[in-house]
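[1] sequence unknown, structure follows:
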């Protein structure tokens, strides 16, 4: 049976409910509180396979603290009750206990650390007792020690990878392929640094990161009480960090537009979309951005998203609105053109971005792939694509972008659910020349697809597996099952390289060798991924707890 303490407060409540006192390490005994004089406590359990040490990277959790509890005759149906006694005081270090009953009747307890522990060493005891209802039995205990590594890791000189571009936006590039044309040796991977964002009384929501100019850019949305009011004010902050050592080069906060979506960067410009305004920053120096308000044909707001960035190509910014596709000159801060999707006011869509090549801008919204002339926004063609689009009263959140899989074809996912949720959807390939759907497969696809060398990689929640499909016809080539004991769902992105596929789970990030189709590297942190031209993998951990901070970790891949 699996028992989780989903929050620190629940763990504390359990600890208060178990009234025991400190006892000796590694199976020693102690007296229960309130034992009448003359009564002898009986031994009810023995501790075996004790593992009391755990080392965690900053911002990550570890689960190496384990113990097997063997119960005495007469109490084999009881469940051991854990209570943490941290040496540092009242702050708990261990967040959860996973209790599994083994075939021989013993219990296997695994403890996880509280996320967000600051670097340092934490010690204490875990006391294990039996419920008072089964009788008077001794409490046993074990020591634990948790070490959280320093924020700084292996910060050697950065070196650009030949033929690799900056990671500019969704899936890295304007085609959204998620491809980085380089090979890596997983044996050389080391953590470079970890950066902790500012905390907030409410949850902190972070965007995916983008990289250029030797900098990595990230946006955070937080809320704080307004001065003299019980209401909360939402602030969006974009920060440019040095790839080399995580030092902030510039930071800019905006509150007037509610919040900002995810950033996109190209050369010296960085763009983010607000609820009715597109902001263009100086990517090197920050400062007050240019503000551009593109037309809204339905009088609706822009389709912004903290998960979906605008698309850059050749100095222009392309973005999707609730009923529009717009092109903005990054240098001039002027709208070059804006085209309508032809949706009704009750058929608006949001959380999507177009794919762009030298001649065409592709949108995929509300069941149609539409191609616009990049020069003036005139419509070239539109193709109906299978798959129902589900939404609320006034809009549908798509959470996707078309993928220019190869010359003459566009890969489209009709709608992507939130991480951790399952929803039926469709993955289709559209032939541009014939303007027809070449193939469609059904599933519960929960990641943006990525493409390399004629193969499509996508996470399918229906089978809780990563799927590799043939681009030509959609046929399944192979599957990589997600370890649901570690990750119940895909919580992040995919990145494909010359020899590896990086997969972001809920709690872990994996590297799969494409030749052997086996996991060759795992890092205990999941979330949104990016890979810079300097061969640095970025993992932006999701944060959704009050008082928490966003965690960004840089991994050297070379």
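    Alright, I've got the coordinates. All of these numbers come straight from a predicted model, not from anything done at the bench.
[2] next, count neighbours for residue 182.
    18 (other C-beta atoms under 10 Å). C-beta here means a position set from N, CA and C on the backbone, and glycine is covered the same way.
[3] so how far is residue 552 from it?
    From residue 182 over to residue 552 the distance is 22 Å, taken as C-beta to C-beta, to the nearest Å.
[4] again, but for residue 436
    Taking C-beta to C-beta, one finds residue 436 at 43 Å from residue 552.
[5] read off the pLDDT value for the closest residue in space to residue 418 that isn't next to it in sequence.
    Nearest non-adjacent residue to residue 418, counting by C-beta to C-beta, 6 or more residues apart in numbering: residue 399, 7.3 Å away. We note a pLDDT of 91 for residue 399 in this prediction.
[6] before we move on, what about residue 284?
    Listed pLDDT for residue 284 reads 97.
[7] which ones are touching it?
    Contact analysis of residue 284 by C-beta atoms under 8 Å, 6 or more residues apart in numbering lists 213, 215, 268.
[8] for the second one, which non-adjacent residue is closest in space?
    In other words, residue 215. Closest to residue 215 by C-beta to C-beta, 6+ apart is residue 240, at 4.6 Å.
[9] quickly list what that neighbour is bridged to.
    Assessed by DSSP bridges, residue 240 has beta-bridge partners residue 217, residue 250.
[10] worst-scoring helix or strand of the protein, pLDDT-wise?
    helix 8-17 (a mean of 35; mean pLDDT, DSSP states H and E).
[11] which intervals of the stretch 1-150 of the chain have sub-threshold pLDDT?
    Within the stretch 1-150 of the chain, the segments meeting pLDDT under 70 span 1-40.
[12] if we go to 50?
    Low-confidence segments of the stretch 1-150 of the chain, defined by pLDDT under 50: 1-33, 38.
[13] which residues of it fall in strands?
    Counting by DSSP state E, counting those that start in this stretch, the stretch 1-150 of the chain has strands at residues 45-51, 53-56, 65-71, 81-86, 94-101, 107-113, 120-129, 140-148.
[14] what does the stretch 201-350 of the chain give?
    Per DSSP E, counting those that start in this stretch, the stretch 201-350 of the chain carries strands over the ranges 205-206, 210-212, 215-225, 232-242, 248-254, 264-266, 269-273, 278-282, 286-292, 311-313, 316-320, 324-329, 334-340, 348-352.
[15] so of the ones you listed, which one's packed in deepest?
    strand 269-273 (a mean of 29; mean count of other C-beta atoms under 10 Å).
[16] what's the span of stretch 535-550, first residue to last?
    Using C-alpha to C-alpha, to the nearest Å, one end of stretch 535-550 lies 22 Å from the other.
[17] let me redo that: stretch 302-314
    Start-to-end, stretch 302-314 (C-alpha to C-alpha) is 22 Å.
[18] how far does that stretch sit from its chain's centre?
    18 Å (C-alpha atoms, centre = their mean, to the nearest Å).
[19] now do the SS call for the residue nearest to residue 418.
    Three-state call for residue 399 (DSSP: H, G, I helix; E, B strand; the rest coil): strand.
[20] verify the stated contact: residue 171 with residue 401.
    Yes. Residue 171 lies in contact with residue 401 (C-beta atoms under 8 Å); the separation is 6.9 Å.
[21] so what sits against both of these two?
    Counting by C-beta under 8 Å, 6+ apart, the residues touching both residue 171 and residue 401 are residue 448.
[22] circling back: neighbour count winner among residue 436 and residue 552?
    Of the pair residue 436 and residue 552, residue 552 is the one with more neighbours under other C-beta under 10 Å, namely 27 against 10.
[23] which ones are touching that one?
    Contact analysis of residue 552 by C-beta under 8 Å, 6+ apart lists 194-195, 197, 206, 209, 216, 218, 241, 246, 538-541.
[24] try 10 Å this time
    Residues in contact with residue 552 (C-beta atoms under 10 Å, 6 or more residues apart in numbering) are 59, 193-197, 206, 209, 216, 218, 220, 239, 241, 246, 525, 527-528, 530, 538-541.
[25] in its sheet, which strands sit next to the helix or strand it falls within, and in what direction?
    Assessed by DSSP states H and E, residue 552 sits inside strand 551-556. Taking DSSP bridges as the criterion, strand 551-556 sits next to strand 190-196 (antiparallel), strand 536-541 (antiparallel) in its sheet.
[26] a markdown table for those strands, including mean pLDDT and mean neighbour count?
    Listed next are these as a markdown table, based on pLDDT from 0 to 100; neighbours: other C-beta atoms under 10 Å:
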| stretch | mean pLDDT | mean neighbour count |
| --- | --- | --- |
| strand 190-196 | 96 | 21 |
| strand 536-541 | 95 | 25 |
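[27] if we can go back for a sec, relative to residue 364, how far out is the residue nearest to residue 418?
    Distance from residue 399 to residue 364, by C-beta to C-beta: 12 Å.
[28] give me the common contacts of those two.
    Each of 352, 413, 415 lies in contact with both residue 399 and residue 364 under the rule C-beta under 10 Å, 6+ apart.
[29] out of those residues, who's nearest residue 334?
    Residue 334 lies nearest to residue 352 out of the shared contacts of residue 399 and residue 364, by C-beta to C-beta, at 23.3 Å.
[30] spatially nearest residue to that closest one, not counting backbone neighbours?
    residue 398 (4.2 Å).
[31] ok, residue 448 next?
    Leaving aside its sequence neighbours, residue 448 sits nearest to residue 171 (C-beta to C-beta, 6+ apart; 5.6 Å).
[32] go ahead and confirm that neighbour touches residue 179.
    Yes. Using C-beta atoms under 10 Å, residue 171 makes contact with residue 179 at a distance of 8.3 Å.
[33] of the two, which one has the most company?
    The neighbour count for residue 171 versus residue 179, taken as other C-beta under 10 Å, is higher for residue 171 (26 against 20).
[34] next, the contact list for the more buried one, please.
    Neighbour list for residue 171: 177-179, 208, 353, 355, 401, 403, 448-451, 493-496, 530 [criterion: C-beta under 10 Å, 6+ apart].
[35] in a strand, it, correct?
    No. Residue 171 is assigned helix when assessed by three-state DSSP, not a strand.
[36] can you read off the pLDDT for it?
    So residue 171 comes in at 97 (pLDDT).
[37] distance check, it against residue 495.
    In this view, residue 171 and residue 495 are 8 Å apart by C-beta to C-beta.
[38] which neighbours do the two have in common?
    Both residue 171 and residue 495 are in contact with 178-179, 450, 530, where contact means C-beta under 10 Å, 6+ apart.
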